[in-house]
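Engineer: sequence and predicted structure, then a few things I'm wondering about:
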Amino acid sequence: MHCPHHSKVKLFSPADSVMLLIDHQQGTLNFCRNIPHKMIIQNTRALARFAAALHMPVVLTTSQEERAQGPLIPDLKELLPEAYDARVKRTGVANAWNDPAYRKAVETAARGRKNIIMAGLTNDVCIAYPAVSMCEAGYHVMVVQDAGGSPSTMADENARRFWERAGARTITVNALACEMGKDWSTPEGGKMIGIVMEEIIGHLDEMAIK
């Protein structure tokens with residue numbers, strides 16, 4: 001199955017979108033080898049700040065915090081304290097959408113919205129499968145690929161092809177800022193470009209692949 005109207009790109013807006021940040025845990029960060037960890041953290045910080053600045057619903061989730069995956073990165077507790085406290089602690093269901101508590105949390109936060117912005121660790125497991133499942137459930141799904149990563153470039157690219165075949169769209173954090181802000185001269189656009197400058201542009205040297 002495919003996302004609705006998958007042959008026509010649907011542009012998202014803050015008013016019709018929900019942000020899902022999946023398994024951005026200190027341990028799962030260590031499973032990523034195709035992208036610098038600093039880049040994942042800075043891009044995830046940017047997404048969290050986008051959601052807060054634009055008043056978009058956001059749902060956080062973790063898997064087996066007490067094991068190798070560990071707790072969420074501290075940045076999310078700092079930037080999204082309420083969502084952090086309300087995070088769905090999964091007991092081991094790899095495809096988050098198959099966890100009833102998580103599905104209920106997303107549906108409650110969405111309040112009927114069908115546009116899903118999704119990012120997490122790792123892309124090849126924790127993002128690929130819920131992205132496809134949510135497409136099958138009738139959502140429009142957009143995966144922010146550079147706010148996550150995989151154990152290898154091959155794994156990340158296989159995951160991207162997998163979710164795109166289902167109809168999900170791939171985007172980067174900077175492009176998402178443009179899509180959400182639309183016009184840098186507006187209050188919303190000004191917030192987006194400010195966050196990009198602070199969280200991404202200001203850290204490009206640190207995030208470079210050596």
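Structural biologist: That came through, no problem. Numbers count the residues shown, from 1 in each chain.
Engineer: flag the shaky bits of the chain, pLDDT-wise.
Structural biologist: Scanning the chain for pLDDT under 70 picks out the ranges 1-8, 208-210.
Engineer: in this protein, which residue is most central in space?
Structural biologist: Central residue of the chain (Cα atoms, centre = their mean): residue 119, 1.9 Å from the mean position.
Engineer: which of the three states applies to it?
Structural biologist: Classification of residue 119 by DSSP: H, G, I helix; E, B strand; the rest coil places it in strand.
Engineer: hang on, isn't it packed against residue 142?
Structural biologist: No - Residue 119 lies out of contact with residue 142 (Cβ atoms under 8 Å); the separation is 9.4 Å. For every residue, glycine as well, the C-beta is placed using N, CA and C.
Engineer: residues touching the closest residue to residue 99 other than its chain neighbours, list them.
Structural biologist: Spatial nearest neighbour of residue 99, excluding adjacent residues (Cβ to Cβ, 6 or more residues apart in numbering): residue 93 at 4.3 Å. Contacts for residue 93 were tallied using Cβ atoms under 8 Å, 6 or more residues apart in numbering; they are 63, 99, 102.
Engineer: of those residues, grab the buried ones for ChimeraX.
Structural biologist: Buried members of the contacts of residue 93, defined by 16 or more other Cβ atoms under 10 Å, are picked up in ChimeraX with:
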select :63,99,102
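Engineer: so can I have TSV of the contacts of residue 93 showing distance to residue 109 and secondary structure?
Structural biologist: Compiled in TSV, the contacts of residue 93 are given as follows (distance: Cβ to Cβ, whole Å; DSSP: H, G, I helix; E, B strand; the rest coil):
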residue	distance to residue 109	secondary structure
63	19	strand
99	15	coil
102	11	helix
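Engineer: which one of the contacts of residue 93 is nearest residue 25?
Structural biologist: Residue 25 has its nearest neighbour among the contacts of residue 93 in residue 63, at 7.5 Å by Cβ to Cβ.
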